[in-house]
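Student: what follows is a predicted structure for the sequence shown.
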Amino acid sequence: MTSKVTIELSKDAGDYLEERAREAGLKSASDCVETPVREDQDLFANREWLKRRLEEGLASPIVGELTRERLHEWVQEGIARAQKRK
């Protein structure tokens, strides 16, 4: 499913966006906007995943200590998940 959003830009801003798209090897100026939106979606999904993991851990009968190493492992898992989605 796609959604169409129309954004009006000044000629200078539109020209700049088109140039940036070309420099980045993107198909269109729209991709300049869509790419950060997708990245934000991934970041949000990973934040939610980490939040769920923390809540599950706190609710478990064997909570254990939240060590720096344990948190680092979770962050690395989240990063790996985000890279797989790309």
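Tutor: Structure's in. What do you need? Residues are numbered from 1 along each chain as shown.
Student: name the single longest helix found in the protein.
Tutor: What stands out as the longest helix in the chain, according to DSSP state H, is helix 29-59.
Student: what's the average pLDDT for that helix?
Tutor: Averaging pLDDT along helix 29-59 gives 82.
Student: could you say what helices and strands it packs with?
Tutor: Counting contacts by 3 or more C-beta pairs under 8 Å, 6 or more residues apart in numbering; DSSP states H and E, helix 29-59 is packed against helix 11-24, helix 68-85. Any C-beta I mention is one placed from the backbone N, CA and C, and that applies to glycine too.
Student: of those helices, which is nearest residue 49?
Tutor: Taking C-beta to C-beta as the criterion, helix 68-85 is the member of the helices and strands packed on helix 29-59 that comes nearest to residue 49, at 6.0 Å.
Student: rank the helices and strands packed on helix 29-59 by mean pLDDT and give me the bottom one.
Tutor: Sorting the helices and strands packed on helix 29-59 by mean pLDDT places helix 68-85 lowest, at a mean of 84.
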